[in-house]
Structure formats: structure tokens, C-alpha cells
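Colleague: Curious how this folds, go ahead:
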Amino acid sequence: DGKSQGMYVIGYNNYGQIGNDSKEKQYTPYLIDDIANIVEIATGEHHTVALDKDGVVWCWGNNNYGQYGNGTTITSKSPIRTYAGSIVEQNATIGENHELYINNEGKIYAVGDNTYGQLGTGDNIKRDEPTEINGPWGNARIIKVETRNNTSFAITEDNVLYGWGQDDSRQLGNLEHANVNYPVQIATDVNDVRAGAEHTTILKTNGDVYVWGSNTYGQLGEEDYEDTPKKIYSGVKCICNGDYQTFLITDTNTLYATGKNDTGQLGLGNTTNKNDFTLVRMGVDSVSCGDSHTVIRGTDGKVYAFGN
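Modeller: Predicted structure coming up:
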């Protein structure tokens with residue numbers, strides 16, 4: 001459409017997380033032109049993070065827990081430079097009020113709220129500056145971090161999955177049913193992990209999918225709750241969790257979904273919850289989930305959205 005290249009943001013804006021120097025909802029894509037050469041973005045419930053090609057981190061939106069990592073709790077409605085240097089991110093993820101980063105050396109840094117131990121620092125003290133997590137993985141590099149709400153996960157270079165933080169709905173999959181403020185091993189041979197509000201989905205290196213945690217809305221693709229990882233599907237190349245819904249893309253680029261569907265976020269043309277994986281669309285190569293809406297990209301290069 002002739003629009004400028006860059007990062008566009010759209011949606012809810014109660015803390016200024018759109019970055020347009022206001023708190024008004026943004027109904028059309030807004031171009032963030034304060035930052036050049038963005039290489040990574042991560043969005044949380046109330047704040048946003050971007051990384052530029054020089055390793056500089058930019059934040060805007062809520063900062064009540066110091067999640068910007070700049071040593072303050074001052075909130076900004078437009079992007080501000082927060083820190084740079086040794087923490088050069090390769091992957092970033094945002095929870096409800098905390099952030100996790102991976103630097104070039106494969107180390108994890110955490111910042112923000114730590115009420116449930118979601119920073120993995122062995123205590124429950126919040127941090128307003130990035131703090132390295134010294135986990136049980138030894139010298140292994142971390143290649144992926146994932147978090148939603150107050151639960152955090154990391155995958156090492158040898159495909160071992162660790163988790164920590166809130167576990168009130170069995171989302172850590174370790175049979176403890178208690179919050180954990182340090183990383184614990186959950187599974188091996190893991191290629192990807194996606195966190196929901198109360199459930200977790202992993203993709204194994206062989207294309208098998210395992211799920212566990214709360215199943216209130218059928219988000220596990222079956223009728224029962226699961227304390228530990230349970231195999232639910234095979235032949236999958238991509239997974240994604242919303243708050244209470246789960247999506248799979250198979251090796252044949254076919255999208256399936258299960259779980260909560262009260263706003264049509266499953267893309268089935270109705271608002272009926274599902275407790276088994278149901279065909280949504282063929283010809284899909286990627287999917288991204290919000291709390292109650294979904295965005296997919298087709299193999300034709302077009303982007304489609306549905307839900308709230």
C-alpha cells in the first residue's frame with residue numbers, strides 16, 4: 001500500500017504500549033518512526049520492547065515493576081532507549097510484568113516483577129535492572145525463552161526445556177503444583193515451547209506435540225487436565241498458544257485449533273469452544289496468538305486476523 005517500512009503497532013493502549021504518545025486505542029496500524037533498523041519486537045499485556053540492530057533496547061508502556069530495566073519505574077507513552085552493551089539480545093519475551101532476554105553468549109537476563117519467582121533468580125525480589133539467571137544448564141547456551149503472565153521457560157542448545165515461576169495450574173509440568181523461583185528441568189528433545197495463561201505446549205524435535213496444565217476450555221485438545229507432558233499430535237512444524245487456546249500447523253501447512261472460542265479466536269466461523277484439534281484453514285505458514293485474537297500468514301503471503 002506504499003506505506004513506509006518499519007514497525008507498525010495496533011490495539012489496546014491503556015498504558016501507552018502503542019508508543020504513539022497517548023493512551024487512546026489505535027484502530028489502524030501506527031508506524032513507530034522513533035527507532036531505526038528494528039530487528040526484534042516483543043509485546044506484553046501492557047508494555048512493548050524493541051531491539052535495534054546495534055543491540056539497543058527500547059521500551060514503552062507500563063513500567064510499574066521496573067520492567068524497562070533502566071533502574072526506574074517511570075512509564076513512557078513513546079519509545080525510550082533503556083540500555084545496551086553486554087546484553088545484546090537474540091531473543092526477547094515479555095510476561096505480564098517481567099521480561100527475559102538472551103544475549104550473544106546464550107545467557108539469560110531477567111528484569112521486572114518477581115512475585116511468583118518468574119525471574120528465576122532463586123528469590124522473589126523484583127529487579128529494575130537486567131539480572132543474569134544462573135540456571136542448572138551449566139555452560140550450555142540458551143537458544144529460546146518464552147513467558148506468559150508469570151511463568152517462564154528456556155530451551156538450551158541441546159534441546160532441554162526448563163521452567164520456573166507460577167505453577168498454580170500445573171503449567172510447569174513437574175508434579176510440584178507450587179511456584180518455583182529457580183529453573184527446573186521439564187523435558188528433553190524440545191524444539192519450541194509456547195505458554196498459555198494456564199497451560200503449556202511444546203514441539204519436540206521429531207514433530208510431536210505435548211501439552212499440560214489447565215484444560216478449562218479444552219485448550220489441551222482433550223477432556224482431562226494434565227500434570228505432566230502428554231503427547232497429543234504428530235507431524236507438526238509450528239505451535240502457538242493464546243491465553244486459553246492452542247494452534248498447530250502441520251507439515252502440510254494445515255492449521256488446527258482447540259480451546260476457548262468466545263470471541264471467534266479459533267477462526268472456525270462460530271463462538272463454540274472446542275476440546276479437540278479442529279481444522280481451521282489450509283495453506284498457513286505461521287500463526288501468532290493474543291489473549292483472545294489470532295493472526296495468521298498464509299502461504300500466499302497474505303495476513304488474516306480473527307477474534308476479539
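
Colleague: tell me how far stretch 228-238 is from the chain's mean position?
Modeller: Between the mean C-alpha location of stretch 228-238 and the chain-wide mean there is a distance of 18 Å, by CA atoms, centre = their mean, to the nearest Å.

Colleague: repeat for stretch 293-308
Modeller: Here the centre of stretch 293-308 is set off from its chain's centre by 18 Å, with CA atoms, centre = their mean.

Colleague: Need the distance between the two termini of that stretch.
Modeller: Distance between the two ends of stretch 293-308: 5 Å, counting by CA to CA, to the nearest Å.

Colleague: residues of it that come out buried?
Modeller: Buried residues in stretch 293-308, defined by neighbour count with 16 or more other CB atoms under 10 Å: 293-294, 296, 298, 306-307. Every C-beta, even on glycine, is put in place using the N, C-alpha and C of the backbone.

Colleague: Let's see which of these end up in strands.
Modeller: Where the buried residues of stretch 293-308 overlap with strands, as defined by DSSP state E, the overlap consists of 293-294, 296, 298, 306-307.

Colleague: residues in contact with the closest residue to residue 114 other than its chain neighbours?
Modeller: If the residues on either side of it in the chain are set aside, residue 114 comes closest to residue 126, at 4.7 Å by CB to CB, 6 or more residues apart in numbering. Taking CB atoms under 8 Å, 6 or more residues apart in numbering as the definition of contact, the neighbours of residue 126 are 65-66, 112-115, 119.

Colleague: how about the ones in strands among the buried residues of stretch 293-308 in a markdown table, adding pLDDT and distance to residue 191?
Modeller: Written out in a markdown table, the entries for those read as follows (pLDDT from 0 to 100; distance: CB to CB, whole Å):
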| residue | pLDDT | distance to residue 191 |
| --- | --- | --- |
| 293 | 95 | 26 |
| 294 | 97 | 22 |
| 296 | 97 | 20 |
| 298 | 97 | 23 |
| 306 | 97 | 27 |
| 307 | 96 | 26 |
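
Colleague: Looking at the residue lying closest to residue 303 once chain neighbours are set aside now. What's its pLDDT?
Modeller: Once its chain neighbours are removed from consideration, residue 303 has its nearest residue in residue 297; the separation is 5.4 Å (CB to CB, 6+ apart). We have a pLDDT of 97 for residue 297.

Colleague: now residue 160
Modeller: Turning to residue 160, the model gives it a pLDDT of 98.

Colleague: Can you give me the end-to-end span of stretch 173-191?
Modeller: OK, stretch 173-191 end separation, CA to CA: 17 Å.

Colleague: what's the average pLDDT for that stretch?
Modeller: Regarding stretch 173-191, the rounded mean pLDDT is 91.

Colleague: ditto for stretch 32-46
Modeller: When pLDDT is averaged along stretch 32-46, the result is 84.

Colleague: So what sits opposite residue 40 in the bridge?
Modeller: For residue 40, the beta-bridge assignment (DSSP bridges) gives partners residue 51.

Colleague: ok now do it, which residues does it touch?
Modeller: The contact partners of residue 40, taken as CB under 8 Å, 6+ apart, are 50-51, 89, 91-92.

Colleague: pLDDT check: weakest of those residues?
Modeller: The weakest per-residue confidence within those falls on residue 89 (61).

Colleague: So residue 251 is in contact with residue 236, correct?
Modeller: Yes. The pair residue 251 and residue 236 qualifies as a contact (CB atoms under 8 Å) at a distance of 7.2 Å.

Colleague: three-state assignment of residue 15?
Modeller: Remark: residue 15 carries the secondary structure label coil [criterion: DSSP: H, G, I helix; E, B strand; the rest coil].

Colleague: what's the neighbour count on it?
Modeller: Neighbours of residue 15 under the rule other CB atoms under 10 Å: 20.

Colleague: Check residue 182 too.
Modeller: The burial count for residue 182: 17, using other CB under 10 Å.

Colleague: Any figure for the gap between it and residue 176?
Modeller: Using CB to CB, to the nearest Å, one obtains 12 Å as the distance from residue 182 to residue 176.

Colleague: Output the contacting helices and strands for whatever helix or strand residue 239 lives in.
Modeller: Here residue 239, judged by DSSP states H and E, is contained in strand 236-241. Applying 3 or more CB pairs under 8 Å, 6 or more residues apart in numbering; DSSP states H and E, we find strand 236-241 packed against strand 190-195, strand 199-204, strand 245-250, strand 284-289.
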